[in-house]
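A.B. asks: Kindly generate the corresponding structure for this input.
(one chain, ligands or ions: 3)
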Amino acid sequence: MKKKIAVLKGDGIGPEVVDCGIEVLNKIEEISNVEFEYNFAKVGGDAIDNYDDPFPRETEEICKSSDAILLGAVGGKKWDEIESEKRPEKGLLRLRKSLEVYANLRPCKIYDSLKDNSPLKPEYIKDVDIVIVRELMGGIYFGKRDTLIENGIKTAYDEERYNEVEIERIARYAFEMSRLRRKKVTLVDKANVLDSSKLWREVVQKVAAEYSDVELDFMYVDNAAMQLVRNPSSFDCILTNNIFGDILSDEASQISGSIGLLPSASLGEKLGLYEPIHGSAPDIAGKNLANPLATILSCAMMLRYSFKMEREALIIERAVEEVLEEGFRTFDLDSENYLGTKEITREVIKRIK
Ligand SMILES: NC(=O)C1=CN([C@@H]2O[C@H](COP(=O)(O)OP(=O)(O)OC[C@H]3O[C@@H](n4cnc5c(N)ncnc54)[C@H](O)[C@@H]3O)[C@@H](O)[C@H]2O)C=CC1
Ligand SMILES: CC(C)CC(=O)C(=O)O
Ligand SMILES: [Mg+2]
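C.D. replies: Ligands and ions are numbered 1, 2, ... in the order given. Below is the predicted model:
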């Protein structure tokens, strides 16, 4: 079986962590009946430097002729002054839109071996196993925006807009996902003030009627931000919009111990895009300090969702768990006693059999 993977390393720590992901996939080739063909393409600042465009047509074509896409991260100070529409991050948004990946799954669990480091109350982190189901193709990141002068005052706005179709398809995704888990969906919104959130509640309630076996509850996002650190075990599937999912997933990463541990899969009806939830971390780029486990776990999600290789996905996830159980740490988890990006990847690979 041959699988084509488009590889978009991006900026900052993107290339370092993606290289680790590829090494792990190479190891999977050795223990499995699969062959990966990597097709490299540029995105973000890297693409701006080469094509004057953060998401060039060539990259789009390479992605669309592949079976799955692996991405690092984009952005960095070098490109911060570029006008809004041409920034690296807009390249990533265009990529997601072009691939029509509307469902961004961001699982967050707490590893037994990292519980001792947690600042959270021990009784509340016994069984943290959450998946954030974030809408990825709509909302404020894609809404109408403008910067203008109003009565001599500079003004800017970004519009949060959703329609029923967009909400219904992500809601279905969350309910289906919850059936594979603990059958609980929490819709996180701000329906006490936002009309867009009110529409989310209306549509999600309609969809819920078809899933009577799944418990549905509602929570305002400010409360959800608090409950995530107060009592994270109370969540199963968090269903939410683009911006709330973005913010809450970074917050949730601290339950696990580091943003360097959280993977993601972005799915739709066609191709899957796999990337760690973190950004390009310019502060640690090029120093062999980045935690590659989020990217490695994203590769496991690729095997699970795009290639239906559940056994191999579990092997990678188990290898990561073992590395942590055996006390190996990256700089973000223990700044005194740590392995580098490449070295911890070697430890993971040793345990893939
Ligand atoms: N998906 C993407 O490509 C994203 C891109 N960005 C972009 O990345 C750049 C930096 O943004 P920040 O807000 O600083 O977010 P960030 O996620 O890059 O970094 C936040 C903090 O977490 C640390 N961190 C992130 N990933 C890590 C890893 N794998 N191992 C260890 N530590 C890690 C960083 O060192 C930093 O202290 C910006 O240009 C931003 O726009 C931000 C978020 C997502
Ligand atoms: C361009 C941003 C929306 C990327 C980001 O922060 C994310 O998807 O987590
Ligand atoms: Mg984010």
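A.B. asks: burial of the residue in the stretch 201-350 of the chain positioned nearest to ligand 1, as a residue count?
C.D. replies: Per CB to the nearest ligand atom, Gly279 is where the stretch 201-350 of the chain lies closest to ligand 1, at 2.4 Å. For glycine as for every other residue, the C-beta is placed from the backbone atoms N, C-alpha and C. Gly279 is flanked by 21 other residues according to other CB atoms under 10 Å.
A.B. asks: Could you list which residues are in contact with the residue nearest to Glu35 when sequence neighbours are not counted?
C.D. replies: Nearest in space to Glu35, with sequence neighbours left out and distances taken as CB to CB, 6 or more residues apart in numbering, is Lys2 at 4.6 Å. Going by CB atoms under 8 Å, 6 or more residues apart in numbering, Lys2 touches Val34, Glu35, Phe36, Glu37.
A.B. asks: again, but for Ile82
C.D. replies: Listed by CB under 8 Å, 6+ apart, the contact partners of Ile82 are Ile48.
A.B. asks: tell me the secondary structure for it?
C.D. replies: coil (DSSP: H, G, I helix; E, B strand; the rest coil).
A.B. asks: Same question for whichever helix in the chain runs longest: list its buried residues.
C.D. replies: Using DSSP state H to define each element, the chain has its longest helix at helix 14-31. Of all the residues in helix 14-31, those buried under the rule 16 or more other CB atoms under 10 Å are 14-25, 27-28.
A.B. asks: Make sure I have this right: Phe175 is in a helix.
C.D. replies: Yes. Under three-state DSSP, Phe175 sits within a helix.
A.B. asks: Output the buried residues of helix 14-31 as a markdown table; include the columns pLDDT and distance to ligand 1.
C.D. replies: Putting the buried residues of helix 14-31 into a markdown table (pLDDT from 0 to 100; distance: CB to the nearest ligand atom, whole Å) gives the following:
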| residue | pLDDT | distance to ligand 1 |
| --- | --- | --- |
| Gly14 | 98 | 7 |
| Pro15 | 98 | 12 |
| Glu16 | 98 | 9 |
| Val17 | 98 | 6 |
| Val18 | 99 | 11 |
| Asp19 | 98 | 13 |
| Cys20 | 99 | 10 |
| Gly21 | 98 | 12 |
| Ile22 | 98 | 16 |
| Glu23 | 98 | 16 |
| Val24 | 98 | 15 |
| Leu25 | 98 | 18 |
| Lys27 | 98 | 20 |
| Ile28 | 98 | 21 |
